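[1] What would the 3D arrangement of this be:
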Amino acid sequence: MNTYEKIGDNIFVAHPEGKMDIHHALIFERELTEGIRDNPNCHVIIDLLNVEYLSSTSLRIFVTTYSKLHFKGLKVLLCRANDLCLKIAEVTNFSRVISIHDKYEDALNEVLNNIKESVV
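    Residues are numbered from 1 along each chain as shown. Presented below is the predicted three-dimensional model:
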């Protein structure tokens with residue numbers, strides 16, 4: 001079961017779980033889209049700690065989300081991906097588009113630093 005949380009006023013965190021095959025990726029996309037619609041001014045962190053596998057559909061969802069939010073000056077970051085997910089990201093050059101952090105705290109700090117910079 002995917003879970004979601006909001007941190008403060010500007011950060012929306014998604015915690016997908018399991019194999020992100022086409023079926024589960026489409027469920028995640030619907031839920032993520034709804035969460036972004038309800039939180040339109042939030043940066044998004046996608047925590048992959050409990051994801052076993054990423055399909056090409058998952059990568060498309062991440063890139064589409066990035067494109068929509070980047071246009072508004074918001075960040076989309078991934079974190080805590082397992083070795084298989086990282087390998088998929090490397091092979092597809094996906095990691096050149098979206099930052100992937102080893103630690104959740106690093107992704108959170110990047111977003112928080114971005115928020116501080118935009119206020120100054």
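[2] Which residues are in contact with residue 20?
    28, 51-55, 57-58 (CB atoms under 8 Å, 6 or more residues apart in numbering). In this view, the C-beta of every residue, glycine as well, is placed from N, C-alpha and C.
[3] Just flag the most distant two among these.
    Largest separation among those by CB to CB: 52 and 57, giving 14.8 Å.
[4] out of these two, which sits in the more crowded spot?
    Neighbours per residue, other CB atoms under 10 Å: of residue 52 and residue 57, the larger number sits with residue 57, 17 against 13.
[5] Name the nearest residue to that one, ignoring sequence neighbours.
    residue 25 (4.1 Å; CB to CB, 6 or more residues apart in numbering).
[6] how far away is the residue most central in space within the chain from residue 105?
    Closest residue to the average C-alpha location of the chain: residue 46 at 2.9 Å, with CA atoms, centre = their mean. Remark: distance between residue 46 and residue 105 (CB to CB, to the nearest Å) = 15 Å.
[7] Give the closest residue to residue 24 in space, chain neighbours not counted.
    Among residues not flanking residue 24 along the chain, residue 18 sits closest, at 5.9 Å (CB to CB, 6+ apart).
[8] actually residue 104, not the one I wrote
    Nearest residue to residue 104, sequence neighbours excluded (CB to CB, 6+ apart): residue 79, at 5.0 Å.
[9] And residue 44, by the same measure?
    Looking at residue 44 with CB to CB, 6+ apart, the closest residue is residue 76, at 4.7 Å.
[10] For that neighbour, which residues are in contact?
    43-46, 62, 65-66, 69-70, 98.
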